[in-house]
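J.: predicted coordinates and the sequence they were generated for:
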Amino acid sequence: MSFDRTLKIAPSILAADFANFGAECAAIEAQGADWVHVDVMDGHFVPNITFGPQMCAAIRPHIKGVMDVHLMIAPVDPYIEAFASAGADILSAHLEAGPHIHRTLQAIRGAGCKAGLAINPGTPVEALEYLLDMVDLICVMTVNPGFGGQKFIHSQIAKVQKLRAMIGDRPVHIEIDGGVTPETAPLVVAAGADVLVAGSAVFKGGSVANPAPYGVNIRAIRVACGA
Ligand code: DX5
Ligand code: ZN
């Protein structure tokens, strides 16, 4: 994975057909997705449960490009090896998931993955100051994690601006997760984001049998951002 700040759309399979993950991953890539975003939830850190490392391993052969795994679990450390073995390219942990995020990020890189750090809407960017040199991606949550289809929280735009300035020349992606649509996407891209996760806005209107709407939806987000 080489680093660049060009716009990347990462559809979240949280909005896909859960009985058809492999085919859904192939369909969104064929329709122009840059990365595939995989939301892991434990019913403890967030109030919803999705799937674990075995599901990630099962879908890995159906993804040609980047598998971007967002861990909404606590604790994180006991499961890093399992998600790395499942083939995650990027493994993101939440700053709020435990008292030792510094150690968690070291362990993620140690397991051979790119290290992502996700922050909830209530977490200030100042909390990231001593972590910036150990991450490849910062995921700014623009909804409270746990569910797809929620409303974008506009106060996070100023946070993205601050974060972009803090990152400076470091090769660190800013990813936005939650409520991304053709209306909200340009706001966060202008603030400095380069990876946009989108669940409902990508999958709406389409299916594995009728994947063309996925492409239309992905292009609508790109066009809205001037890409
Ligand atoms: C929320 C997840 C998101 C979510 C985005 O906890 O991390 O990735 O699926 O869904 P939309 O785009 O529908 O807000
Ligand atoms: Zn996510």
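T.: Sure, I can see it. Numbers count the residues shown, from 1 in each chain. Ligands and ions are numbered 1, 2, ... in the order given.
J.: find the residue closest to Thr142 in space, skipping its chain neighbours.
T.: Gly178 (4.2 Å; CB to CB, 6 or more residues apart in numbering). Any C-beta I mention is one placed from the backbone N, CA and C, and that applies to glycine too.
J.: thought that neighbour was touching Ile153?
T.: Yes - contact status for Gly178 versus Ile153: in contact at 7.5 Å, counting by CB atoms under 8 Å.
J.: list the buried residues of stretch 144-154.
T.: By neighbour count on 16 or more other CB atoms under 10 Å, the buried set for stretch 144-154 is Pro145, Gly146, Gly148, Phe152, Ile153.
J.: can that stretch be found next to ligand 1?
T.: Yes - applying CB under 6 Å from any ligand atom, one finds stretch 144-154 touching ligand 1 at Pro145, Gly146, Gly148, Gly149, Gln150.
J.: still on that earlier bit, quick one: which of the buried residues of stretch 144-154 is nearest ligand 2?
T.: The closest of the buried residues of stretch 144-154 to ligand 2 turns out to be Pro145 (CB to the ion; 6.8 Å).
J.: state the pLDDT value of that closest one.
T.: Confidence at Pro145, expressed as pLDDT, is 98.
J.: and what of Met1?
T.: pLDDT recorded at Met1 is 80.
J.: repeat for the one 5 residues further on
T.: With respect to pLDDT, Thr6 has a value of 98.
J.: so it sits against Leu196, correct?
T.: No - Thr6 is beyond contact range of Leu196, at 11.7 Å (criterion: CB under 8 Å).
J.: which residue of those two possesses the greater neighbour count?
T.: Shown here are Thr6 and Leu196; by other CB atoms under 10 Å, Leu196 has more neighbours (30 against 8).
J.: nearest residue to that one in space, please, no chain neighbours.
T.: Nearest residue to Leu196 in three dimensions, chain neighbours excluded: Val180, at 5.0 Å (CB to CB, 6+ apart).
J.: doesn't Val197 make contact with the one you found?
T.: Yes - with contact defined as CB under 8 Å, Val180 reaches Val197; the gap is 6.3 Å.
J.: CA atoms of stretch 88-99 as PDB?
T.: In PDB, the C-alpha atoms belonging to stretch 88-99 read as follows (Å, rounded to 0.1, in the frame of the first residue of the first chain):
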ATOM      1  CA  ALA A  88      -6.600  -6.900   7.300                       C
ATOM      2  CA  ASP A  89      -4.400  -4.300   5.600                       C
ATOM      3  CA  ILE A  90      -5.400  -1.600   8.000                       C
ATOM      4  CA  LEU A  91      -6.500  -2.300  11.500                       C
ATOM      5  CA  SER A  92      -8.100   0.600  13.400                       C
ATOM      6  CA  ALA A  93      -8.600   0.700  17.100                       C
ATOM      7  CA  HIS A  94     -10.600   3.300  19.100                       C
ATOM      8  CA  LEU A  95      -8.700   5.600  21.400                       C
ATOM      9  CA  GLU A  96     -11.600   5.200  23.900                       C
ATOM     10  CA  ALA A  97     -11.400   1.400  23.900                       C
ATOM     11  CA  GLY A  98      -8.900   1.100  26.700                       C
ATOM     12  CA  PRO A  99      -6.200   2.700  28.800                       C
END
